[in-house]
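Trainee: kindly generate the corresponding structure for this input.
(chains A and B)
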Amino acid sequence: DAGVIQSPRHEVTEMGQEVTLRCKPISGHDYLFWYRQTMMRGLELLIYFNNNVPIDDSGMPEDRFSAKMPNASFSTLKIQPSEPRDSAVYFCASSFDARGETQYFGPGTRLLVL
Amino acid sequence: QQQVKQSPQSLIVQKGGISIINCAYENTAFDYFPWYQQFPGKGPALLIAIRPDVSEKKEGRFTISFNKSAKQFSLHIMDSQPGDSATYFCAASPNSGGSNYKLTFGKGTLLTVNP
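Mentor: All right, here's what the predicted structure looks like:
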């Protein structure tokens, strides 16, 4: 298996632009997680899905952030409009166990908002 | 509120030495404690994990020690190697159901093993 796939790997955009990050989880995994990593705040859970349904989005920083999972093999995290403070590495992770504990992370998308 | 406190922030160890990273938690509902390893430019990868029903778990050179009464757990890397140089994160998740199976991560420890 190719592991969790994220695209793009790097994104540079200007403030106010829409940014869409994409994730393909490992086949057969029914949990999907979106995390954000910064030096200041560390690794933060933004939202997670179980069987394509959003379970907990309490970590989403504000309404500018939205996430969808239209099917078991694809998810998006959208930021509209983007701001410089959104600059971070965004990770997608997936899990197959009953509680979503054993998580497999993708390589991340490094986002820079100018 | 930082629910999982990790120390030290950085650690330098000589090859062959023992690396020790500590974590403390506050939420007594936590019942799953994994450690993740992250190399530069990569995503975190699960290294080893423990549940509160045991006080120690060993996998190769990596050992987790768990002290439930003190609400602390630590990662020991025996015979540390330069290839172990990475950032290590502790984490914890609660035993409650529903929407609460969420991992809370510590801030990370940057380990450097000198040759």
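Trainee: now chain B against chain A: closest residue?
Mentor: B:Gly43 (3.1 Å; CB to the nearest CB). From N, CA and C alone the C-beta is placed, and that goes for glycine too.
Trainee: what's near enough to touch the closest residue to that residue other than its chain neighbours?
Mentor: Residue nearest to B:Gly43 in three dimensions, not counting chain neighbours: A:Phe105, with 3.1 Å by CB to CB, 6 or more residues apart in numbering or on different chains. Applying CB atoms under 8 Å, 6 or more residues apart in numbering or on different chains to A:Phe105 gives the contacts A:Val4, A:Tyr35, A:Phe91, A:Cys92, A:Ala93, B:Tyr36, B:Gly43, B:Pro44, B:Ala45.
Trainee: drop anything exposed from those residues.
Mentor: Using 16 or more other CB atoms under 10 Å in any protein chain shown as the burial test, the contacts of A:Phe105 include A:Val4, A:Tyr35, A:Phe91, A:Cys92, A:Ala93, B:Tyr36, B:Gly43, B:Pro44 as buried.
Trainee: show me which of these is closest to A:Gly28.
Mentor: The nearest member of those to A:Gly28, counting by CB to CB, is A:Val4 at 12.3 Å.
Trainee: quick one: that closest one from B:Leu111, how far?
Mentor: To B:Leu111, A:Val4 is 24 Å away according to CB to CB, to the nearest Å.
Trainee: same check on A:His29?
Mentor: The spacing between A:His29 and B:Leu111, counted by CB to CB, is 29 Å.
Trainee: likewise for B:Glu26?
Mentor: Where B:Leu111 is concerned, B:Glu26 sits at a distance of 25 Å (CB to CB).
Trainee: who's more crowded, those two?
Mentor: Using other CB atoms under 10 Å in any protein chain shown, the more surrounded residue of B:Glu26 and B:Leu111 is B:Leu111, with 21 against 13.
Trainee: test my guess that B:Met78 contacts B:Ile18.
Mentor: Yes - the criterion here is CB atoms under 8 Å, and B:Met78 meets it with B:Ile18 at 5.8 Å.
Trainee: which residues touch residue 17?
Mentor: With no chain named, the answer covers chain A. By CB under 8 Å, 6+ apart, A:Gln17 lies in contact with A:Pro81, A:Ser82, A:Val113.
Trainee: that answer is for a different chain, and I need it for chain B
Mentor: Neighbours of B:Gly17 in contact, by CB under 8 Å, 6+ apart: B:Ser80, B:Val113.
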